[in-house]
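Asker: coords please:
(chains A and B)
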Amino acid sequence: MAETTYLEAIREALFEEMERDPNVFCLGEDIGAYGGAFKVTEGLAKRFGDARVIDTPISEAAIVGAAAGAAHMGMRPVCEMQFIDFISCGYDMLTNYVATARYRAMLGCPMVVRGPSGGYVRGGPFHSQNPEAAFLHTPGLKIVYPATAADAKGLLKSAIRDDDCVLYFEHKYLYRRIKEELPTGDHLVPIGKARVAREGKDVSIITYAATVWKSLEAAERLEKEDGLSVEVIDLRTLLPMDDEAIVATVKKTNRALIVHEDTRTGGVAGEITSRINELAFEWLDAPVLRITAADVPLPYSPPLEDYVLPQTADIIAGVRRLAQY
Amino acid sequence: MATAVRRKAAESADLDRAQKLELYYYMRLTRSLEERLVNLYRQTKVVGGLFRSLGQEADAVGSAYALDRTKGDILSPLIRNLGSMLVQGANPLEIIRQYMAKGDSPTRGRELNIHYGDLVRGFVGQISQLGDMVPVMAGVTLSFKMRGQDRVGLVYVGDGATSTGAFHEGINFAAVQQCPLVVIVENNGYAYSTPLSKQTAARDLKDKAIGYGIPGEQADGNDVLATYAITKRAVDRARKGGGPTLIELITYRRKGHAEHDNQSYVPSGEIERWEKENDPIDRYIAVLHADGVTSAELGAIDDRIRTEIDAATDEAEKSPMPEPTDALVGVYAEPSIVPPLWFREGIRSAVTAHERPASWGTHDG
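Answerer: Numbering: from 1, shown residues only, chains lettered A, B, ... in the order given. You can find the predicted model right below:
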C-alpha cells in the first residue's frame, strides 16, 4: 500500500468525516476552490460544494464565533486558521465564548479549530508560532498536536466527533516530510492518550509534535554513542494531559527530559514538570529538565531560527546531563 | 435627539387586539419584574449587580414579538433585553433564581443575571464581551440556511458594541453569507458612562449598514408598535432569503449601567425629560386607550403580573443554593466531571497519596 503524508492524512480525515456526517463542514480563508494556503483542503469544495467548504472573509473571530453558533445547532464545523498564528485573533471567542459555553449555558460546541503550526521553516515571527500554551490554561478546550501521519488522521477524526471544541495543531514542517502507511478502515486515535514512540529504560523524553522526531533521532544516537536506552513519549494530546503515561515513564526511568518547540516561560513543559513533582516526586533520581525554544519571538534568518529552536544536539546534551545523576 | 425619529405605527395593523394587549403584558412584566429585583437587591438577596431596562421595554418586547415562535426563530438578548426573553418564554421564577444565584436556576449558579439561554424556547445566552453574540448568531443562522430551515435569528447589541471587532466581523460575515439574521442596535445613548458622541463619529448607527451592503433602518425604540413593525419587515425579508438587516432603535437608558451607578455623567434634567415625555409604557397606554382598551382591562393585566411575580419570588426564595462540588461538573461532555484538587478531598497530601519506591531516599534506585 502507498504511503500517505501527514498533510494527506489530514485531508483524508476531512474527506471521510464530511462523507460520513452531513453536519460536518469547513470554513476558513481561501480553503474552497483554492484549496487552502498549504492545499490541505484541496478537492474538498469540488466534492462537497461551496456551501460545505466556505471561503470566509479575513475574520478569525467571526470564523470561530460562527462555528460556535452552528455547533450549538448540531453542526460540526471545522475551522481553518490559515496559519495558526492568527488564532490569537479569535482568542476572545475561543476562551470566553466557546470554552465556557457548556459550563455556563449547557450549550455544546462540537467544533474543531485547526491550522498549520510550528517553526523550522523560516517563517518568521508570524508564520511559525506554537500557540498551545496560550490555550492550555483554558478549561473547556481540548488540544491535540500529532507527530505522525496516522495520528494526524486518527486524531482529526476523533476531534471532529468530539462533543467539545478541539484545537487541532498540525505541524507544517511535518506536512510533506513525514509519511507512512496508514491503518485501514475507520482509523480513530483517542483524545487524551499519549503514545510510547520508543521504548527505553534509562531516561524519558516527554514531547509532542515536531520535536518527537528530533527526540527519536537523539535517542538513536545516544544508544549508539553512549549505550543509553532512551524512552520517548509522544503526548499527542496536551489537554486533557495523559498523567498516567507521564507517571508510568517516570517510574520506569526515574529521569525526565521535557522537550518542546514552544518558548520556555509559562510553557507546557512547566506544567508537565509540576505534574511529575506532584505525582511521582519519590521516583525521581534527577531534576526534571526542559529543552525548549529561547524566550524570544521566533526570528526569520536561518542562523537565528536554528539557534532559538531546540535541535537534536540540545536534546542529546539534556539526556546526557540527566544520565549523569 | 431621539424623539425626532417617531415612526408611524400603521404597519402594525396585522396585530389583533389580544396581541396588542400581549405587548402591554410583556412590557409591564419586564418593568414590574425589574422593580421586584430592585427590592430583592436592596434586601441583599440579589447576588452581584442588577441591570435595568427602565424606559427600554418597548424596543426589546416589540422587536422580539416580530419573531415567529412556531417556526423556531431564535434571538440572543443583551443585558437590557429581559423583555425579549420574556416574549420567548422566559419566566419570572427562573429570572429571580438567576439573580439570587440559586442551585436550580437555569445556569445552576454558574452565571449571573439574565445571562442564560434555552434553545428550545429560542434564546441563546449572552456573554459579557460585547459584540461576541453577533458572530455566534451569524453561525446559528448559517445553520438555518445550510439546512434549508424556515427560521430567522435576531441579535441585540448596544450602541457601544458597534465599536467592537466582533460586531464588525460578525455582521460582515452574515452579510456575505446572506444569513437570515436581524441585527438590532439598541441605541440608548450611553455605554456605561460613555455617550454616543465618544463612541462613534457616525451620525446614525443605521448608516453602518452601508459598509456591509445590507439595509439599515431606524425606528423610535420607545414606540412598541413601530419597533414591532420595522423588525417584522426585516424578519420577513430574512425569512425570504433577503439576508441580514441592521435596525437602529432609538431609546434611552434611564437607569445607570447597573444599579450601583449614580449616573453622575448624565446632564441634569435629561433623565426626567425622557421619563416625563417619552416613557414607552405611558405612550403605549395612550395608544391602547385610543383603540378602546379600558383602564380596567389594563389594571387586570397589572394584577395578574403582580400575582405572578409574588408567586415567583416566594418560590425562588425557597430554592436551595448550589452544592459546592457541582462547580466541578460539566466543563466537558467527556470527562463530565473535573476531579477535586487534593487539598479539597480530605487533605490527603500528594506524598502520602502515592506509593514510594523501595529505594526512595537512597539515591541508588
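Asker: okay, now B:R69: neighbour count?
Answerer: B:R69 is flanked by 14 other residues according to other C-beta atoms under 10 Å in any protein chain shown. Where C-beta positions appear, they are placed from N, C-alpha and C, glycine not excepted.
Asker: pLDDT score assigned to the residue sitting nearest the centre point of chain A?
Answerer: Per C-alpha atoms, centre = their mean, the C-alpha nearest to the average position across chain A is that of A:Y145, at 1.3 Å. We have a pLDDT of 98 for A:Y145.
Asker: for the residue in the stretch 151-300 of chain A that chain B sits nearest to, helix, strand, or coil?
Answerer: Chain B sits closest to A:D163 of the stretch 151-300 of chain A, with a gap of 3.7 Å, by C-beta to the nearest C-beta. Following DSSP: H, G, I helix; E, B strand; the rest coil, A:D163 is assigned to coil.
Asker: nearest spatial neighbour of the closest residue to chain A within the stretch 201-350 of chain B, skipping sequence neighbours?
Answerer: In the stretch 201-350 of chain B, the residue that lies nearest chain A is B:A333 (3.7 Å; C-beta to the nearest C-beta). Once flanking residues are discounted, B:A333 sits nearest to A:D163: 3.7 Å by C-beta to C-beta, 6 or more residues apart in numbering or on different chains.
Asker: burial count for the one you found?
Answerer: 15.
Asker: One more: B:D303?
Answerer: When neighbours are counted by other C-beta under 10 Å, B:D303 comes out with 10.
Asker: Check which helix or strand it maps to.
Answerer: Following DSSP states H and E, one finds B:D303 within helix B:295-318.
Asker: before we move on, what about A:P310?
Answerer: Judged by DSSP H and E, A:P310 forms part of no helix or strand.
Asker: pretty sure it contacts A:H260?
Answerer: Yes. A:P310 lies in contact with A:H260 (C-beta atoms under 8 Å); the separation is 7.5 Å.
Asker: residues shared between the contacts of those two?
Answerer: Residues touching both A:P310 and A:H260 by C-beta atoms under 8 Å, 6 or more residues apart in numbering or on different chains: A:211, A:291-293.
Asker: In helices, which of the residues you listed appear?
Answerer: A:T211 (DSSP state H).
Asker: ok, and the most crowded of the shared contacts of A:P310 and A:H260?
Answerer: That'd be A:T211 among the shared contacts of A:P310 and A:H260, by other C-beta under 10 Å, with 32 neighbours.
Asker: That one reaches A:E261, doesn't it?
Answerer: Yes. At 5.3 Å, A:T211 counts as touching A:E261 under the criterion of C-beta under 8 Å.
Asker: Overlap in contacts, these two.
Answerer: Between them, A:T211 and A:E261 share these contacting residues under C-beta under 8 Å, 6+ apart: A:P310.
Asker: Could you check the pLDDT of the residue lying closest to B:G153 once chain neighbours are set aside?
Answerer: Distances taken as C-beta to C-beta, 6+ apart place B:T141 nearest to B:G153, at 4.0 Å, with adjacent residues excluded. The per-residue pLDDT reported for B:T141 equals 98.
Asker: Put the alpha carbons of the host helix or strand of B:T141 into CSV.
Answerer: Taking DSSP H and E as the criterion, the element that holds B:T141 is helix B:133-146. The C-alpha trace of helix B:133-146 is given here as CSV (Å, rounded to 0.1, in the frame of the first residue of the first chain):
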residue,chain,number,x,y,z
MET,B,133,-23.1,37.3,20.0
VAL,B,134,-23.1,38.7,16.5
PRO,B,135,-20.7,36.1,15.1
VAL,B,136,-22.4,33.4,17.2
MET,B,137,-25.8,34.3,15.8
ALA,B,138,-24.3,34.5,12.3
GLY,B,139,-23.4,30.9,12.9
VAL,B,140,-26.8,29.9,14.3
THR,B,141,-28.5,31.4,11.2
LEU,B,142,-25.9,30.0,8.9
SER,B,143,-27.0,26.6,10.1
PHE,B,144,-30.7,27.6,9.3
LYS,B,145,-29.5,28.4,5.8
MET,B,146,-27.4,25.3,5.3
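Asker: quick revisit: list the buried residues for the helix holding B:D303?
Answerer: B:298, B:301-302, B:305, B:308-309, B:312-313, B:316 (16 or more other C-beta atoms under 10 Å in any protein chain shown).
Asker: Tell me who's in contact with B:V61.
Answerer: Neighbours of B:V61 in contact, by C-beta under 8 Å, 6+ apart: B:23, B:26-27, B:30, B:83-84, B:86-87, B:224, B:227.
Asker: Using PDB, write out every CA atom in the helix or strand where it lies.
Answerer: Following DSSP H and E, one finds B:V61 within helix B:57-64. Taking Å, rounded to 0.1, in the frame of the first residue of the first chain, the C-alpha atoms of helix B:57-64 are listed here in PDB:
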ATOM      1  CA  GLU B  57     -39.100  47.900  27.500                       C
ATOM      2  CA  ALA B  58     -40.700  48.700  24.100                       C
ATOM      3  CA  ASP B  59     -37.700  48.100  22.000                       C
ATOM      4  CA  ALA B  60     -37.000  44.700  23.500                       C
ATOM      5  CA  VAL B  61     -40.600  43.500  23.500                       C
ATOM      6  CA  GLY B  62     -41.700  44.900  20.200                       C
ATOM      7  CA  SER B  63     -38.700  43.500  18.300                       C
ATOM      8  CA  ALA B  64     -38.800  40.100  19.800                       C
END
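Asker: Can you list the residue ranges for helices in the stretch 151-300 of chain A?
Answerer: For the stretch 151-300 of chain A, the helices defined by DSSP state H, counting those that start in this stretch cover A:210-226, A:243-253, A:268-280.
Asker: Please identify the most buried of those helices.
Answerer: Burial of the helices of the stretch 151-300 of chain A is given as mean neighbour count (mean count of other C-beta atoms under 10 Å in any protein chain shown); helix A:210-226 ranks first at a mean of 21.
Asker: Counting by contacts, list what that one packs against.
Answerer: strand A:195-198, strand A:203-207, strand A:230-234, strand A:256-263, helix A:312-323 (3 or more C-beta pairs under 8 Å, 6 or more residues apart in numbering or on different chains; DSSP states H and E).
Asker: picking that back up, isn't the residue nearest to B:G153 up against B:D150?
Answerer: No. Between B:T141 and B:D150 there is no contact under C-beta under 8 Å: 12.0 Å.
Asker: So between those two, which is more surrounded?
Answerer: Counted by other C-beta under 10 Å, B:T141 and B:D150 do not tie: B:T141 has more neighbours, with 32 against 12.
Asker: What distance do you get for the more buried one to A:T100?
Answerer: Between B:T141 and A:T100 the distance is 22 Å, computed by C-beta to C-beta, to the nearest Å.
Asker: Could you look up the SS state of the residue of the stretch 201-350 of chain B closest to chain A?
Answerer: Applying three-state DSSP: B:A333 is coil.
Asker: That one: how many residues sit nearby?
Answerer: For B:A333, the count of nearby residues is 13 (other C-beta under 10 Å).
Asker: surely it meets A:C165?
Answerer: No. With contact defined as C-beta under 8 Å, B:A333 does not count as touching A:C165 (10.6 Å).
Asker: before we move on, the earlier item: with pLDDT, secondary structure and distance to chain A added, can I get the contacts of B:V61 in a markdown table?
Answerer: Shown next, in a markdown table, are these (pLDDT from 0 to 100; DSSP: H, G, I helix; E, B strand; the rest coil; distance: C-beta to the nearest C-beta, whole Å):
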| residue | pLDDT | secondary structure | distance to chain A |
| --- | --- | --- | --- |
| B:L23 | 98 | helix | 28 |
| B:Y26 | 98 | helix | 23 |
| B:M27 | 98 | helix | 26 |
| B:T30 | 98 | helix | 22 |
| B:G83 | 98 | helix | 20 |
| B:S84 | 98 | helix | 17 |
| B:L86 | 98 | helix | 18 |
| B:V87 | 98 | helix | 19 |
| B:V224 | 98 | helix | 28 |
| B:T227 | 98 | helix | 25 |
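Asker: Dump the residues you listed to CSV, plus distance to B:R253.
Answerer: Formatted as CSV, those follow (distance: C-beta to C-beta, whole Å):
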residue, distance to B:R253
B:L23, 21
B:Y26, 19
B:M27, 16
B:T30, 14
B:G83, 14
B:S84, 16
B:L86, 19
B:V87, 20
B:V224, 17
B:T227, 16
